[in-house]
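Asks: got a predicted structure plus its sequence, pasted below:
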Amino acid sequence: METIIENLETYGYAALFLYSLGGGFVGIVAAGALSGLEYMNIFITIAVVFTANVIGDQALFLLSRYNKGAIKPYLRRHRRKLALSHLLLKRYGNRILVGQKFVYGLKTLIPVVAGFTKYDAKKFLAFNMIGACLFVLVFGFGSYFAGEFFAKIANYASDKPYLLPIALVTIIGGSYLLVGFASRKKAKR
């Protein structure tokens with residue numbers, strides 16, 4: 001156990017930064033819970049995830065802004081989700097830029113779609129930072145204060161190791177199906 005704690009103190013924040021470049025929901029929840037159990041510092045955790053989250057989304061925005069031709073072939077299978085993201089961006093504007101951090105499946109597509117459009121880069125950065133701030137505060141402090149509860153769940157799950165993967169697959173799969181259902185083409189009547 002001491003080795004795990006030493007590795008967490010040595011490499012934990014670097015791993016959290018790299019993981020949070022792509023969103024980092026599980027990372028912020030785990031790091032917040034570990035901070036609640038006093039294995040990590042909550043303020044450093046929040047700063048690391050905030051920074052990585054802003055950098056990751058800004059990189060997606062800029063990459064799609066200046067390399068449309070190189071990115072589009074990789075997104076061919078996700079045309080409907082891109083169309084849904086574009087409609088959400090047109091309809092809700094700045095609010096979707098803040099809220100996309102909380103919706104699995106959209107947190108990657110919205111910055112790409114915003115980069116494809118003529119959305120102002122400075123404005124995107126401002127709303128990206130607001131969204132990242134809300135994201136880390138809600139999930140960072142939420143999991144920080146729920147750290148003992150998560151520890152009880154971990155103790156219970158250690159006796160039944162099959163429960164955690166089932167729960168994760170159910171949550172992620174449900175979110176993926178929800179976004180897929182929302183972006184699905186309606187049948188002609």
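Replies: Everything's here; your move. Numbering: from 1, shown residues only.
Asks: averaged pLDDT, whichever strand or helix holds Tyr144. What do you get?
Replies: Taking DSSP states H and E as the criterion, Tyr144 maps to helix 142-145. When pLDDT is averaged along helix 142-145, the result is 87.
Asks: which strands or helices does that helix pack on?
Replies: Secondary structure elements in contact with helix 142-145, counted by 3 or more C-beta pairs under 8 Å, 6 or more residues apart in numbering; DSSP states H and E, are helix 25-36. From N, CA and C alone the C-beta is placed, and that goes for glycine too.
Asks: circling back: what residues of the helix holding Tyr144 count as buried?
Replies: Neighbour-count burial for helix 142-145, with 16 or more other C-beta atoms under 10 Å as criterion, is recorded at Ser143, Tyr144.
Asks: then that helix to PDB, C-alphas only?
Replies: This file holds the C-alpha atoms of helix 142-145, laid out as PDB (Å, rounded to 0.1, in the frame of the first residue of the first chain):
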ATOM      1  CA  GLY A 142     -18.400  16.800  -5.000                       C
ATOM      2  CA  SER A 143     -16.100  13.800  -5.000                       C
ATOM      3  CA  TYR A 144     -13.900  15.400  -2.300                       C
ATOM      4  CA  PHE A 145     -16.800  15.500   0.100                       C
END
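Asks: can you tell me which residues contact the residue minimising distance to the centre of the chain?
Replies: The central residue of the chain, meaning the one whose C-alpha is nearest the mean C-alpha position (C-alpha atoms, centre = their mean), is Gly23 at 2.7 Å. For Gly23, the contacting residues are Asn53, Gly56, Lys101, Tyr104, Lys107, Thr108, by C-beta atoms under 8 Å, 6 or more residues apart in numbering.
Asks: repeat that for 7 Å
Replies: Gly23 makes contact with Lys107 under the criterion C-beta atoms under 7 Å, 6 or more residues apart in numbering.
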